[in-house]
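In: I'd like to go over a predicted model; first the sequence, then the structure.
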Amino acid sequence: MQTTVDSVAEAIDLALPFELSLVVPIFNEEESVGPLVDRICSAMVNFTARWELILVDDGSTDATLANARQHLDRDGLTLKIVALQRNFGQTAAMQAGIDTAAGRLIATMDGDLQNDPKDIPAMVRELERRELDLLVGWRKNRQDGLLLRKIPSWCANYLIGRITGVKLHDYGCSLKIYRASIIKQVKLMGEMHRFIPAWVAGVVPSSRIGEMVVTHHAREHGQSKYGISRTFRVILDLLSVMFFMRYKARPGHFFGSLGLGLGGIAVLILLYLFFDKFIMGNDIGTRPMLMVGIVFLLSSVQLITTGILSEMIARTYYRDDASPNYIVRQILDGNENA
């Protein structure tokens, strides 16, 4: 299996015209997009290999797209703008950028100027030096509020690391470097961009995932798209990640284990009541335990059958589904508009 993955990776690497694709999802960042492109160009001026910048406009309702288009003909910059039909969320926007990327390596970062593109060349060198498939940025000196951003993030990072087994200091940092042949094997859905290292760990060993301290700046323009409510969504997403990591290929085991557990309890209850009724001669018709035993038995049967159905549905879905989780309105580059 590993030989097959390596062969696919080598074939993809040979076919890619760029060494690096930098993917940046943006949404209502009209004040930031111009300085963002300037800083990226400045940071990459000494990067000798070919690289491209991909801005994914996630259905912005302000002048973000118009401001980004002003840089299409900029000298020394290969720029693609992927304009999504509406706001699909950061995960879908990131997936659209990754699908569009033509580089051997893919870097992702936020478009709000808090990530520093000057870290990208160093991260590329570190990824190659350590022979990693994913290098995650660690905002060690994070410039965000303590109560609403840092503390929830610390708790989330601890929980994610314990549950997924991929222990990192900063899952929420969007500044990451991937090998294209690896990240293109991962399909991002929902709001799962913050769990990318966990998904990548399903494709490669966790030893090939590392982290590196990066610079983090305070937000200069606009408002954060996240609040304290994100914490609750992270918890729900984490439960989904745990389920998919452990039971994606065998969901019947998850439901079946619950069903067998309830069934075992039901059998013990009913055997006890059988003994009490027919051996001891006691009346059990009005005892709550009888109802509990019957409910547990029916629930057991229902969970087991649900597990069987989930196995059938999952195998059919993952075999046949190839539809993306976003819709592109147009792709713009310096030569033509599509």
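Out: Looks like it arrived, so ask away. Residues are numbered from 1 along each chain as shown.

In: only C-alpha atoms for contact and neighbour calcs from this point on.
Out: OK.

In: count of residues packed around residue 256?
Out: Using other CA atoms under 10 Å as the criterion, residue 256 is surrounded by 21 other residues.

In: wait, what's in contact with it?
Out: The neighbours of residue 256, taking CA atoms under 8 Å, 6 or more residues apart in numbering as the test, are 303-304, 307.

In: tell me the SS of it?
Out: Put simply, residue 256 is helix when judged by DSSP: H, G, I helix; E, B strand; the rest coil.

In: Also residue 75?
Out: Each residue gets one of three states, and residue 75 gets coil by three-state DSSP.

In: circling back: now flag whichever of the contacts of residue 256 is closest to residue 30.
Out: The closest of the contacts of residue 256 to residue 30 turns out to be residue 307 (CA to CA; 48.2 Å).

In: In the helix or strand encompassing residue 263, which residues are buried?
Out: Under the criterion DSSP states H and E, the helix or strand holding residue 263 is helix 251-278. Buried positions in helix 251-278, judged by neighbour count with 16 or more other CA atoms under 10 Å: 251-256, 258-260, 262-263, 265-266, 269-270, 273-274.

In: State the next helix or strand along the chain beyond that helix.
Out: helix 288-320.

In: Now find how far off-centre that next one is within its chain.
Out: 29 Å (CA atoms, centre = their mean, to the nearest Å).

In: And for stretch 85-97?
Out: The gap between the average C-alpha position of stretch 85-97 and the chain average comes to 12 Å, counting by CA atoms, centre = their mean.

In: buried stuff in it?
Out: Neighbour-count burial for stretch 85-97, counted by 16+ other CA under 10 Å, picks out 87-97.

In: Of all the strand elements in this structure, which one is longest?
Out: Using DSSP state E to define each element, the chain has its longest strand at strand 18-26.

In: how about the residue nearest to residue 78 when sequence neighbours are not counted, what does it touch?
Out: Nearest non-adjacent residue to residue 78, counting by CA to CA, 6 or more residues apart in numbering: residue 52, 4.9 Å away. By CA under 8 Å, 6+ apart, the contact set of residue 52 is 18, 20-22, 77-80, 103.

In: Assumed residue 52 was part of a helix.
Out: No: residue assignment for residue 52, taken from three-state DSSP, gives strand, which places it outside any helix.

In: Kindly state the pLDDT recorded for it?
Out: According to the prediction, residue 52 has pLDDT 96.

In: partner residues bridging it?
Out: For residue 52, the residues forming beta bridges with it (DSSP bridges) are residue 21.

In: centroid residue for the protein?
Out: Nearest to the mean C-alpha position of the chain, by CA atoms, centre = their mean, lies residue 193 at 2.7 Å.

In: I'd like to know how far it sits from residue 172.
Out: Taking CA to CA, to the nearest Å as the measure, residue 193 falls 8 Å from residue 172.

In: got it, and residue 219?
Out: Using CA to CA, we find residue 219 at a distance of 16 Å from residue 172.

In: Those two: which has the busier surroundings?
Out: Of the pair residue 219 and residue 172, residue 172 is the one with more neighbours under other CA under 10 Å, namely 19 against 15.

In: Give me the secondary structure label for that one.
Out: Assigned with three-state DSSP, residue 172 falls in the coil class.

In: from here on, count from 867
Out: With 867 as the first residue, the last one maps to residue 1038.

In: my read: it touches residue 1021, true?
Out: No: with contact defined as CA atoms under 8 Å, residue 1038 does not count as touching residue 1021 (11.5 Å).

In: Tell me if residue 921 really is in a helix.
Out: No: in this structure, residue 921 is strand, not part of a helix, as judged by three-state DSSP.

In: Contacts only, for it.
Out: Taking CA under 8 Å, 6+ apart as the definition of contact, the neighbours of residue 921 are 889-892, 934, 945-948, 963.

In: now with 10 Å?
Out: For residue 921, the contacting residues are 888-892, 899, 903, 931, 934-935, 945-949, 959-960, 962-963, 977, 1197-1198, by CA atoms under 10 Å, 6 or more residues apart in numbering.

In: now residue 1039
Out: When contacts are counted by CA under 10 Å, 6+ apart, residue 1039 touches 974-976, 981, 1002-1005, 1008, 1059-1060, 1080, 1082.

In: Distance-wise, check it relative to residue 1110.
Out: Counting by CA to CA, the gap between residue 1039 and residue 1110 amounts to 22 Å.

In: Apart from its chain neighbours, what residue comes closest to residue 978?
Out: Ranked by CA to CA, 6+ apart and with sequence neighbours excluded, the top spatial neighbour of residue 978 is residue 898, at 6.0 Å.

In: For the one you found, report the pLDDT, please.
Out: Model confidence at residue 898, given as pLDDT, is 91.

In: my guess is it meets residue 890, correct?
Out: No: contact between residue 898 and residue 890 fails when scored by CA atoms under 10 Å: they sit 12.0 Å apart.
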